[in-house]
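Visitor: This is a predicted model, with the sequence first.
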Amino acid sequence: MTPLLDVEGDGPGNVSLMTSASTMESVFQSNPGLTERNYLGLSDCSSVDSSAGILEVKRSNLNLKATELRLGLPGSQSPGRDPDVDLASSVCLDEKPLFPLLPSQNIVVSGSKRGFSDTVDEGNWMFGSVASKSLVQGKFITDASANGKISSGTQPTMIRDATSKVVPQEQTHATYGASLNKVNTSNPPAAKAQVVGWPPVRSFRKNILATNSKNNDEVDGKPGPSALFVKVSMDGAPYLRKVDLRSYTTYQQLSSALEKMFSCFTIGQCGSQGASGRENLSESKLRDLLHGSEYVLTYEDKDGDWMLVGDVPWDLFIDSCKRLKIMKGSDAIGLAPRAMEKSKNRN
Amino acid sequence: MGFPEEVLEHVFSFITSHTDRNVVSLVCKSWYEIERWCRRRIFVGNCYAVSPAMMIRRFPEVRSVELKGKPHFADFNLVPDGWGGYFYPWICEMARAYPWLEEIKLKRMVVTDDNLELISKSFKNFKVLVLSSCEGFSTHGLAAIAANCRNLRELDLRESEVEDLSGHWLSHFPDSCTSLQSLNMSCLSSEVSFSALQRLIARSPNLKTLRLNRAVPLEKLSTLLRRAPQLVELGTGAYSAEIRPDVYANLTEAFSRCKEVKGLSGFWDVLPSYLPAIYSVCSRLTSLNLSYATIQSPDVTKIITQCPNLQSLSVLDYIEDTGLNALSLSCKDLRELRVFPSDPFVANANVSLTEQGLVAVSEGCSKLQSVLYFCRQMSNSALTTIAKNRPNLTCFRLCILEPRAPDYLTFEPLDVGFGAIVEHCKQLQRLSLSGLLTDRVFEYIGKWAKKLEMLSIAFAGDSDLGLHHVLSGCDSLRKLEIRDCPFGDKALLANVSKLETMRSLWMSSCSVSLGACKRLSQKMPRLNVEVIDEQGDLDSRPDNCHVEKLYIYRTVAGPRFDMPSFIRTMDQNPTYRS
């Protein structure tokens, strides 16, 4: 990598400030490579966007896939890992070329109501994609502008286990499965891939609009309620996350998303137990620790009671869920009878 | 100087601006000494820039403390939970050192119930508590404040995240408490005891600001208003009820008695039939916040066309271009406009709000200074028109919902449009960019935006040159926050000194390497270079890997030690290991 001291023109201990843009520009001009080449996608472990992909690769190398965190929803198995990875690569391969913007007032006309991410050049933005470094453009793509495509500079911050929202693979696949130009009527518009923290609207605004739209029949033309954020905590994890419940439509999706979000904790725990890293852990030991029954997903409802997730229909669940918690299975034992009682009372 | 101390003190008491006070203290040693003993108000823009002990040592007689914690992008979930911003160390020291403290104002800090209880018991003369976008406390903490602060004047919880266990806290205000002037509980969800609320209001003759929460039903609003006709700022609860003529009549009558009301907010769940009840106060309104009201353009328009004295308006994009046009014709005194998106996650426009609405307001409202505008399309020509219409803009925040959206007419980047904004609006202090932008826009910003203090950048630029333009050109820059831009090491390392002239720099999902962070930290010992990376294993990463998030701020307090495991302050030891 080009040593940065050259650009500054001083040895260590002497800080020189580049005071004029022209100096900087002349440096860049004399080293044209500097501007366009060095900062993006050079090293294997760089690029925030591909980090999720790297994590996937590392996991497969360590053969941890089969033993990863599963959230034990009552009466269901969490979908396996492999389909997810296959999904990522198959979608990359199958992805159709961008469709140009239709001439209309709206800039982005997307029949399946997918967001900007879908118009980014093919393949490289995919969540979990390993080969995401190939699209690295230092400059604005002029021909993309000609037919109205949205050009991409850096990769956007896609949903990862960073903070709030995660788009599970199944959901994205469903969107792709439908023809690109058809309206995806089976899933609500929430099946759009969302970028963390964009647009910059405070959570309390999002939640309030969601409840408003439920209460207010006079507002027509609204395609559907917007986000509903709830906190998710996990026993033993050092910090909380937030998820948008409306970006999922089934328990399966929520469960996968949470697995991805919190799996780094369980692997971390393994790491601290093992003497000198993951290589030393036996597969069976990991499996014991991470087996589905080890952790269960619970939620606090409007009455303040903790319930097992999965007992009630999805719509009822998101109406009543105030927050989520991933508990150790042993702690959740007491929940089952109460949950059963409650649903009996409801019925 | 020849004057006795008391005279100088008296003179200084008229100097209230923090910057002026700071300047005064630099004149000479004796002025420094006099000033520090008589400074009553402290503002700490970054709670990690200085330690509580340092503040107390220098300013022993403070009555009002204002602190800010988390970076602004925390509002949009970009700062992980557990980041920091704890009020705890501050309250511990202040409880001992400032027994006469009267005011505490916090923004984006973590405050616990214990902290609140400590406040309520430590300061006999405590008057004002403002918790803006804070979190970590519950209604139990509020109960302690209500119960113990005998002379409480102001309790403002604006936009904080409160663990709402019950509404019972309000009933803890003793009957002897009659000092309340301002109460903002709009962020709470639980229902408070209505009779307790009613009695509290009735015995607070100086109550000027009352912002209720959603749970206060509309039918009961008139009862409260009748007991507080002196109110200046009112936030309603939910604004819908069964359609009953008596409720409507009571409400209308109650509002008509409120001759002093200048500001209205609240308006959750609006039932439009009840809106005319507020018409009698409209002519006096200077501030109106309808940003929770999901009412359509005709209803919004009907209200605002009756508010000729309106200075500040917040609405949802349901107002549409037609409503904004009406605004531009009716509200000639408008200074601030904020338009929020009703459905931000849908690609297609659900409302007919375009750049034209903003252009119209910029034409009609000659005093317009501050804009926050969410929309789905923008053009260079519109931006240029706005810039030329309104050179008096001081705050311009534009959010085109789709990242990297080009000029919808020409498909070009919006460089020229934003360039026009910074070129014409010479007093611009705050700017948020969006849409398709190349390095060129930063060239314009660096060249023209000499008064710019805060800049927010997302999904923009082509190279380090962009960041370099900003760091080298914006002379007044204090806060810079960047996400998802191809800015890396070069621009940062070429402008290290600049960073010490700023309060803070946030960069997330950019291309800054771990090695550059280390180097930056070594060069600048008075900066904390904090790397946030939730993937773990920060210690074993190679230097050339990119960091997820980076927060750099100047400080005289050294590195902080209250960080979670996924944040590291880069080592300032000159012999770095790599």
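Guide: Okay, I see it.
Visitor: For the rest of this, base every contact and every neighbour count on C-alpha atoms.
Guide: Fine.
Visitor: State the pLDDT value of residue 80.
Guide: Since you didn't name a chain, this refers to chain A. According to the per-residue confidence, residue A:80 scores 41 in pLDDT.
Visitor: Actually, chain B is the one I wanted.
Guide: 93.
Visitor: Next, count neighbours for it.
Guide: Counted with other CA atoms under 10 Å in any protein chain shown, residues neighbouring residue B:80 total 21.
Visitor: The residue in the stretch 301-450 of chain B positioned nearest to chain A: neighbouring residues, count only.
Guide: Relative to chain A, the nearest point of the stretch 301-450 of chain B is residue B:411 (5.3 Å; CA to the nearest CA). By the criterion of other CA under 10 Å, residue B:411 has 21 neighbours.
Visitor: Backbone torsions only: list them for it.
Guide: Note on residue B:411: its backbone torsions stand at phi 60, psi 10 [degrees, to the nearest 10].
Visitor: The one 10 residues further on too?
Guide: Main-chain dihedrals, residue B:421, degrees, to the nearest 10: phi -60, psi -50.
Visitor: Chain neighbours aside, what residue packs nearest to it?
Guide: residue B:387 (4.7 Å; CA to CA, 6 or more residues apart in numbering or on different chains).
Visitor: Check which helix or strand that neighbour maps to.
Guide: helix B:380-389 (DSSP states H and E).
Visitor: tell me the mean pLDDT over the following helix or strand past that helix?
Guide: Counting by DSSP H and E, the element after helix B:380-389 in chain order, helix or strand, is strand B:395-400. Strand B:395-400 shows a mean pLDDT of 98.
Visitor: So what are the sheet partners of strand B:395-400 and their directions?
Guide: strand B:370-375 (parallel), strand B:430-432 (parallel) (DSSP bridges).
Visitor: Can you tell me which of those is most buried?
Guide: The highest mean neighbour count among the strands paired with strand B:395-400, using mean count of other CA atoms under 10 Å in any protein chain shown, belongs to strand B:370-375: a mean of 22.
Visitor: Can you pull out the low-pLDDT segments for the chain?
Guide: You didn't say which chain, so I picked chain A. A:1-193, A:207-227, A:238-239, A:263-293, A:333-347 (pLDDT under 70).
Visitor: Correction: the question concerned chain B.
Guide: Ranges of chain B meeting pLDDT under 70: B:1-2, B:573-578.
Visitor: In contact with residue B:570: list those residues for me.
Guide: Neighbouring residues of residue B:570 by CA atoms under 8 Å, 6 or more residues apart in numbering or on different chains: B:517, B:518, B:521, B:528, B:529, B:530, B:531.
Visitor: and the first one, what helix or strand is that in?
Guide: Assigned by DSSP H and E, residue B:517 belongs to helix B:514-523.
Visitor: Identify all contacting residues around stretch B:351-362.
Guide: By CA under 8 Å, 6+ apart, stretch B:351-362 touches B:317-325, B:327-328, B:368, B:373, B:375-379, B:382-383, B:385-386, B:389-390.
Visitor: what do you get if the cut-off is 7 Å, keeping everything else the same?
Guide: Residues outside stretch B:351-362 that contact it (CA atoms under 7 Å, 6 or more residues apart in numbering or on different chains) are B:317-318, B:320-321, B:324-325, B:327-328, B:368, B:375-378, B:382, B:385-386, B:389-390.
Visitor: For it, what is the distance to the chain centroid?
Guide: With CA atoms, centre = their mean, to the nearest Å as the basis, stretch B:351-362 stands 24 Å off its chain's centre.
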